[in-house]
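Asker: here's a sequence, model it:
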Amino acid sequence: MYPNSTIEAISNLLFLETPITPCEIAIVFGNDYVGTMDEVKNLWGKGMIKNKIILSGHSAKKDKKPEAIRFMEYGLQIGLPKERMLLETEATNTLENLLYSRKLIETELGNLSSIKSIMFVAKAFVCRRIQMTIQAIYPSKIDYVYYPVVDVKGRNIGKDCWWETEEAIKRVLEELRRISEYTLKGDLSLFQKEDK
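Answerer: Okay, here's the model as predicted:
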């Protein structure tokens, strides 16, 4: 599958895979690929998201329409129920996505510790960074599921093909840098934080 062991090692680190099981809520990370919502609708239709869908994110460019709003608009077009979607429109990075979504959960759904399972829907190559951020700031008693999405109409950065284009290679290597940088900064953790 992989052309060499270095590519295999990077793939196994970044492209986190977990069994997809039903979860109480989903947090969907905004990005430029609104087709992510087709995956969310599929998950919803199969009963994999039981309660709320949190759409999180603005984007680093504050002059653009928030990603969460674009996701909601497309979600409504494809038939997702409006009353099931909650919007978080301020986050400009992964840490903020998770902090602001946590605040939204606690405002709308009660204490985070009462939630038993959360699914994270995001670009495939950022799922490990999300997991490491979760380990730093979310309780360990919750079951976490990671659902990776590949932007097949854009850069197509998947576990089985990211090394095939210069653009994808560059983004994957940038992701390795971000993991190192943010871990040293304290935003990510190698270990799950202890519940209080």
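Asker: residue ranges for the strands of the protein, please.
Answerer: Along the chain, counting by DSSP state E, strands occupy 23-29, 49-56, 85-88, 117-123, 143-149.
Asker: any idea how far G30 is from the residue nearest the centre of the chain?
Answerer: Taking CA atoms, centre = their mean, the centroid of the chain lies closest to A122, which sits 3.2 Å from it. Counting by CB to CB, to the nearest Å, the gap from A122 to G30 is 9 Å. (Glycine included, C-beta is placed from N, CA and C.)
Asker: over to K82?
Answerer: 17 Å.
Asker: more neighbours, the two?
Answerer: Neighbour tally, K82 and G30, criterion other CB atoms under 10 Å: the higher count belongs to G30, 24 against 8.
Asker: would you confirm that the more buried one contacts I54?
Answerer: No: judged on CB atoms under 8 Å, G30 makes no contact with I54 at a distance of 10.6 Å.
Asker: buried ones in the longest helix along the chain?
Answerer: Longest helix in the chain, counting residues (DSSP state H): helix 166-185. Neighbour-count burial for helix 166-185 flags 168, 171-172, 175, 178-179, 182-183 (criterion: 16 or more other CB atoms under 10 Å).
Asker: could you do stretch 80-90 as well?
Answerer: Here stretch 80-90 shows 80, 85-90 as buried, counting by 16+ other CB under 10 Å.
Asker: give me the contacts around it.
Answerer: Residues external to stretch 80-90 that are found in contact with it (CB atoms under 8 Å, 6 or more residues apart in numbering): 37, 40-41, 44, 51-58, 66, 68-69, 72, 75-76, 96-97, 100-101, 104, 108.
Asker: which residues touch the spatially closest residue to E194 that is not a sequence neighbour?
Answerer: Excluding its sequence neighbours, the residue lying closest to E194 (CB to CB, 6 or more residues apart in numbering) is S140, at 7.2 Å. Going by CB under 8 Å, 6+ apart, S140 touches 192-195.
Asker: show me where the chain has helices.
Answerer: Going by DSSP H, the chain shows helices at 5-14, 36-45, 67-77, 94-108, 127-137, 166-185.
Asker: you'd agree E8 is up against Y2?
Answerer: Yes: with contact taken as CB under 8 Å, E8 and Y2 are classed as touching, separated by 4.0 Å.
Asker: tell me the predicted confidence for the residue lying closest to I78 once chain neighbours are set aside.
Answerer: Counting by CB to CB, 6+ apart, I78 lies nearest to K41, which is 5.3 Å off, once chain neighbours are set aside. Per-residue pLDDT puts K41 at 98.
Asker: so which of the contacts of S140 wins on neighbours?
Answerer: Q192 (15 neighbours).
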